[in-house]
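A.B. asks: Build the 3D model from these lines:
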Amino acid sequence: MEQKKKYQHNGGRKPKLDPRTHRYSFNLDDVENAKFLSFFDRSGYTIKAHFIKNCIFGKSFKVTVRDKSKVDYYIQLTQFYSQFRSIGQNYNQVVKELHSNFAEKKALALLYKLEQYTVELVKTNQQIIALTKQFEASYQEGGIISAEK
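C.D. replies: Sure, this is the predicted structure:
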């Protein structure tokens, strides 16, 4: 008897240990599809099948929506704060130079002008604080939406 050697195929993908062979299909109308896509986009998943599977089996997920304008406001506020600190440092240097390089009357006149600009700066700072409080209130109301299933 002649023994035939079995051909071993070494190419291709290795078979999975636990293949997923069961598939399901469902149909949505336009309104349901729009709602589904809205949830999918906000969920952060990149694969719809993973999103659907997690919804079906009750795994919780968070939907986080970030308003870019609020992030930009925060960045600008941070930059403004650094500029505000540098103004304070410059203010101290100017006062020292006024006292050391000018006569008392001239220094007082220049300090009076500096004081007027400082009052304007304080008013601007108060407006910034009020805007920031408004920003924080709106941010807590709807800036980040967390919804758990």
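A.B. asks: Which secondary structure elements does the worst-scoring helix or strand of the chain on mean pLDDT sit against?
C.D. replies: For the chain, using mean pLDDT, DSSP states H and E, the weakest element among its helices and strands is helix 68-101, scoring a mean of 81. Helix 68-101 is packed against helix 104-138, with contacts defined by 3 or more CB pairs under 8 Å, 6 or more residues apart in numbering; DSSP states H and E. Using the backbone N, CA and C atoms, a C-beta is placed for each residue, glycine as well.
A.B. asks: So which bits of the helix it packs on are buried?
C.D. replies: 107, 111 (16 or more other CB atoms under 10 Å).
A.B. asks: Going by contacts, tell me the helices and strands next to it.
C.D. replies: Taking 3+ CB pairs under 8 Å, 6+ apart as the contact cut, helix 104-138 packs with helix 68-101.
A.B. asks: I'd assumed Phe51 was in contact with Phe40.
C.D. replies: Yes: in this structure, Phe40 is within contact of Phe51 by CB atoms under 8 Å, at 5.3 Å.
A.B. asks: quick one, domains of this structure?
C.D. replies: Annotated domains of the chain cover 26-61, 68-143 [automatic domain parsing].
A.B. asks: And the ones you listed: which comes nearest Arg13?
C.D. replies: Shortest separation from Arg13 across the domains of the chain is recorded for domain 26-61, at 18.8 Å, computed as CB to CB.
A.B. asks: For the closest one, what is the distance to the chain centroid?
C.D. replies: In terms of CA atoms, centre = their mean, to the nearest Å, the gap separating the centre of domain 26-61 from the centre of its chain is 23 Å.
A.B. asks: Give me the buried positions along it.
C.D. replies: Buried positions in domain 26-61, judged by neighbour count with 16+ other CB under 10 Å: 39-40, 43, 45, 51, 55.
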